[in-house]
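Visitor: Whatever this is, show me its structure:
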Amino acid sequence: MEVVCVLIPDSALADPVEAGELTEELLRRLERIGAAVESERLGEAFFALDGLRGIHGGENAGVLAAARRAANTQVRIGVAPTRFAAYAAAQRETIVPPADAGDFLAGLPVSALAGRLELPPREAGNLVETLGRLGIEQLGELAALSHDLVADRFGMVGLEALCLARGEEGPLRPRRPHEELSAEVELPEGAAGAQLDHALKLLVARLLAAPQRKGRTVLGLRLGAVLCGGGSWSVDQGLGQATASARTLCALLTTRLEKLPGPVAALRLRALALGPPLGDQLELSVRGDEHRRRRLGAAIREVRAAQGSDSLLEVIPLDSASRFPERWAMLAPSPDR
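Guide: Numbering: from 1, shown residues only. Down below sits the predicted model:
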């Protein structure tokens, strides 16, 4: 097996929230060329070359060219038989043939292990430092040690490092592809307070009205914000039970807005996971109008399916005290009832 590693430069990952957005966009773009992508860290993606050559000209070069085009941003790409070796190859933007993988790994410094072990940075650094004090400066020297000796001195962490040094890794664990479902609302002059609540309602309405939802429920959400003072913020919200109720989503997310660290220039909402198609979701109603609500929801979905997501709109008040009429209210897709 040959593994491709695609890396976003560290300079583009300074803001962790923006880094998450960039990584998600990279993964989705790679999935569009047919790649089954694994990603467990921000700014990186791994996928196997096997099966993609026939789609992209029959050669590795065709696959790599397609990956670079799909990324649509500056990336570093490397190829090697294992994900660790491919990561190191991407740092050097090189291709390591399977026959040369052993020599390639053997020449790497033990410091290359620091960011790849399942350890906090300090503990990983301590391991690398200890290896250096023992005179082990390259991975080839570590790979030459016996399994029992490493286990006795370093335990399970040392064995993990030994496997990486020897090129022994498990298969890739590609994520399950899912359609992009997100929405964004730009806010004037650093909105806060009630304006944010109204903007959140608009954001939820847009997300639920997106055609790619295809009537499915939502299992998890990520609420994010671009801050006026620079930087960004985000928080994940699990739902406990799949739902497509705008009322329920707004109630859960409104409390999250209280955690915002400052005025906001834009709000973002992304569905992290989708559930089964929307059924008859019961909600407590003291007026006994559940049957009418279901019929209205069915009518809205029927019209939207025929005329598009913007065919039915509702007025959402924003800032009635503003001197600019265009800020008094906004039109948003009418949510399913």
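
Visitor: Gly220 reaches Asp236, doesn't it?
Guide: Yes. Between Gly220 and Asp236 a contact is recorded at 6.6 Å, counting by Cβ atoms under 8 Å. (Glycine included, C-beta is placed from N, CA and C.)

Visitor: Those two: which is more packed in?
Guide: A count of neighbours by other Cβ atoms under 10 Å puts Gly220 above the other of Gly220 and Asp236, at 16 against 12.

Visitor: Kindly confirm my reading that that one forms part of a strand.
Guide: Yes. Assessed with DSSP: H, G, I helix; E, B strand; the rest coil, Gly220 lies in a strand.

Visitor: With adjacent residues omitted, what lies nearest to it?
Guide: Leu272 (3.8 Å; Cβ to Cβ, 6 or more residues apart in numbering).

Visitor: how about the helices in this protein?
Guide: Listed in chain order, the helices of the chain (DSSP state H) span residues 16-31, 60-71, 83-92, 101-106, 121-133, 139-143, 147-166, 194-209, 246-257, 290-307.

Visitor: Nearest approach to Val3 belongs to which of the ones you listed?
Guide: helix 83-92 (4.3 Å; Cβ to Cβ).

Visitor: how many other residues sit next to Ala151?
Guide: 14.

Visitor: One more: Gly115?
Guide: The burial count for Gly115: 12, using other Cβ under 10 Å.

Visitor: residues in contact with the residue lying closest to it once chain neighbours are set aside?
Guide: Leaving aside its sequence neighbours, Gly115 sits nearest to Ala124 (Cβ to Cβ, 6+ apart; 7.2 Å). Ala124 makes contacts with 113-115, 117, as judged by Cβ atoms under 8 Å, 6 or more residues apart in numbering.

Visitor: Of those residues, which is the nearest to Val63?
Guide: Gly115 (25.8 Å).

Visitor: Top of the contacts of Ala124 by number of neighbours, please.
Guide: So for the contacts of Ala124 (other Cβ under 10 Å), the most neighbours sit at Leu113, 23 neighbours.
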